[in-house]
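Undergrad: compute the structure for the input listed below.
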Amino acid sequence: MQIIETETTYKSAILNGKGHFGPYGGCYVPEVLMPALEEMAQAFEEIQHDPIFLKEFQDTLNEISGRPTAFTPLPRISKRLGGAMLYMKNEGLNHTGAHKINHCIGQALLAKRLGKQRIIAETGAGQHGYATAAVCARLGLDCTVYMGRKDYERQRPNVYWMELLGSKVVPVDDGSQTLNDAVIAAFKDWVANPESFYLLGSAVGPHPFPAMNTFFQKIVGEEIREQCLNMAGKLPDYCIACVGGGSNAMGIFYNFLDEASVSLIGVEAGGKGTKPGEHASKLKRGVEGIFEGYHSYFLQDGTGNIAATHSVSAGLDYCGVSPILAWLSDEGRIQFENASDEEALNAVQSIAREEGFIIALESAHGFAHAFKLAPTLSKEQVIVINASGRGEKDLFITMRHFQEESLLTYAKHLLNT
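TA: All right, here's what the predicted structure looks like:
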């Protein structure tokens, strides 16, 4: 693996304030949003070097979210697979159950710094919306969350938590009624209300969102570096993360981008097939385009319109991918693979029964690939998988797969009470 042979490293190129990553990134938005984005970009540049803000961010992570999160060996599965030792970074132990709260805390503190009182957000699986709602409640900010109707129904527990926390959750009935449509609805709200602060949930969108999300998520890889050295006595040989938009992937990958000895693997949603509408694999099967304010890879139909996506996990079925990941894929620094719905569901069951953890369906895609990779490696090698969230939110999806009769009985009971 060749690292950039100049003073510019991958890490510094991401946070250089320019908003372009190779040919990708940029800021393609209506003029009405440019002042808000320029204000946000300037403030983001300032806080990266502001010790007072950085201390407040770290203190808030520790006090609210509960960092550092656990670094957990998986000895039973490792022994069964017979190859590399597997470890998981358990981001599901964060308050609200996923890595999302890392960037929610960072962006909400930035919004407060700018004097913003109203937060707009989008959500797919609900974890970003849930985390945004919790942070807004804590900081006294008004919060509106957009959620595709299909996700609104299949992730109903998270809708309830958001509403209980005082946020307004708006189901979106346009398009495919999933995450892509929620993003469009959130941008429409922001265009109509540019004085609000759009708290975007992944490393996508116009500048400065991709770099800003990465900056607030990189705490994950920073902790992994120290934890892996302490527990395994070495850096990871492989880091693996599921990839939807790219927030948890950039969280684990960023700290190791300039370490040639650490291989990085992103795992997209292979869904139920390779035909359009059966998967959400942007870097394997997407094409370049500009959408929702940035240039990257998107799933498109033959006429250049955004195509339908599918994944058993609501958080991976977004139509695009981080422009940072698109660049790093072209550079060959990150390898991208797929895991199917069935493989992800099987990984959820394996981790539950063999190691005692219920992981999110999104995260399970990364584990599914790790299970295939580990037997090909030596016992001295180390694989770290980012368990980006816990799986209670997926109750009705996984129960339908593993215990459909019990789910139907439970549903009937609810209707009769």
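
Undergrad: okay, CA-based contacts and neighbour counts for the rest of this
TA: Noted.

Undergrad: what strand or helix carries K18?
TA: Counting by DSSP states H and E, no helix or strand carries K18.

Undergrad: next up, the contacts around it.
TA: By C-alpha atoms under 8 Å, 6 or more residues apart in numbering, the contact list for K18 is empty.

Undergrad: how much space between it and F71?
TA: According to C-alpha to C-alpha, to the nearest Å, K18 stands 34 Å off from F71.

Undergrad: what does A269 give?
TA: Distance from A269 to F71, by C-alpha to C-alpha: 25 Å.

Undergrad: helix or strand with the lowest mean pLDDT in the protein?
TA: Across the helices and strands of the chain, mean confidence by mean pLDDT, DSSP states H and E is lowest for helix 404-415: a mean of 83.

Undergrad: you'd agree A241 is up against A364?
TA: No - between A241 and A364 no contact is recorded; they are 9.2 Å apart, counting by C-alpha atoms under 8 Å.

Undergrad: overlap of the contact sets of these two?
TA: A387.

Undergrad: only the buried residues of stretch 153-171, if you could.
TA: Buried residues in stretch 153-171, counted by 16 or more other C-alpha atoms under 10 Å: 154-159, 161-163, 165-171.

Undergrad: domain-wise, how is this protein divided?
TA: Listed by automatic domain parsing, the domain ranges of the chain are 28-62+99-213, 68-97+218-402.

Undergrad: okay if I get those as TSV plus distance to T417?
TA: Shown next, in TSV, are the domains of the chain (distance: least, C-alpha to C-alpha, whole Å):
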stretch	distance to T417
domain 28-62+99-213	18
domain 68-97+218-402	19
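
Undergrad: can you redo these as JSON lines with distance to A13 and mean pLDDT?
TA: Formatted as JSON lines, the domains of the chain follow (distance: least, C-alpha to C-alpha, whole Å; pLDDT from 0 to 100):
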{"stretch": "domain 28-62+99-213", "distance to A13": "10", "mean pLDDT": "96"}
{"stretch": "domain 68-97+218-402", "distance to A13": "10", "mean pLDDT": "97"}
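
Undergrad: still on that earlier bit, which one of A269 and F71 is surrounded by more residues?
TA: Taking other C-alpha atoms under 10 Å, A269 and F71 do not tie; A269 has more neighbours (31 against 21).

Undergrad: what's whichever strand or helix holds the more buried one packed up against?
TA: For A269, the host element (DSSP H and E) is strand 263-271. Counting contacts by 3 or more C-alpha pairs under 8 Å, 6 or more residues apart in numbering; DSSP states H and E, strand 263-271 is packed against strand 238-242, strand 334-340, helix 341-355, helix 361-373.

Undergrad: so what does F298 have for phi and psi?
TA: Backbone dihedrals for F298, given as degrees, to the nearest 10, come out at phi -140, psi 150.

Undergrad: now for it, how many residues are close by?
TA: Using other C-alpha under 10 Å, F298 has 26 neighbouring residues.

Undergrad: burial count for the closest residue to it other than its chain neighbours?
TA: Using C-alpha to C-alpha, 6 or more residues apart in numbering and skipping the chain neighbours, the partner closest in space to F298 is G320 (4.4 Å). As a burial measure, G320 scores 33 neighbours (other C-alpha under 10 Å).

Undergrad: wait, is P236 part of a helix?
TA: No - applying DSSP: H, G, I helix; E, B strand; the rest coil, one finds P236 to be coil, outside a helix.

Undergrad: right, and it touches L264 too?
TA: No - judged on C-alpha under 8 Å, P236 makes no contact with L264 at a distance of 9.7 Å.

Undergrad: hmm, L325 and P210 touching each other?
TA: No - assessed by C-alpha under 8 Å, P210 is found out of contact with L325, at 9.8 Å.

Undergrad: may I have the host helix or strand of L54 as PDB, with CA atoms only?
TA: Remark: L54 resides in helix 51-60, with elements defined by DSSP H and E. Taking Å, rounded to 0.1, in the frame of the first residue of the first chain, the C-alpha atoms of helix 51-60 are listed here in PDB:
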ATOM      1  CA  PRO A  51      -8.400  24.400  23.200                       C
ATOM      2  CA  ILE A  52     -11.500  25.700  25.100                       C
ATOM      3  CA  PHE A  53     -13.900  24.200  22.500                       C
ATOM      4  CA  LEU A  54     -12.000  21.000  22.200                       C
ATOM      5  CA  LYS A  55     -12.000  20.600  26.000                       C
ATOM      6  CA  GLU A  56     -15.700  21.200  26.100                       C
ATOM      7  CA  PHE A  57     -16.200  18.600  23.300                       C
ATOM      8  CA  GLN A  58     -14.100  16.000  25.100                       C
ATOM      9  CA  ASP A  59     -15.700  16.700  28.500                       C
ATOM     10  CA  THR A  60     -19.200  16.500  27.000                       C
END
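
Undergrad: pull out the buried residues from that helix.
TA: The neighbour-count check on helix 51-60 (16+ other C-alpha under 10 Å) flags 53, 57-58, 60 as buried.
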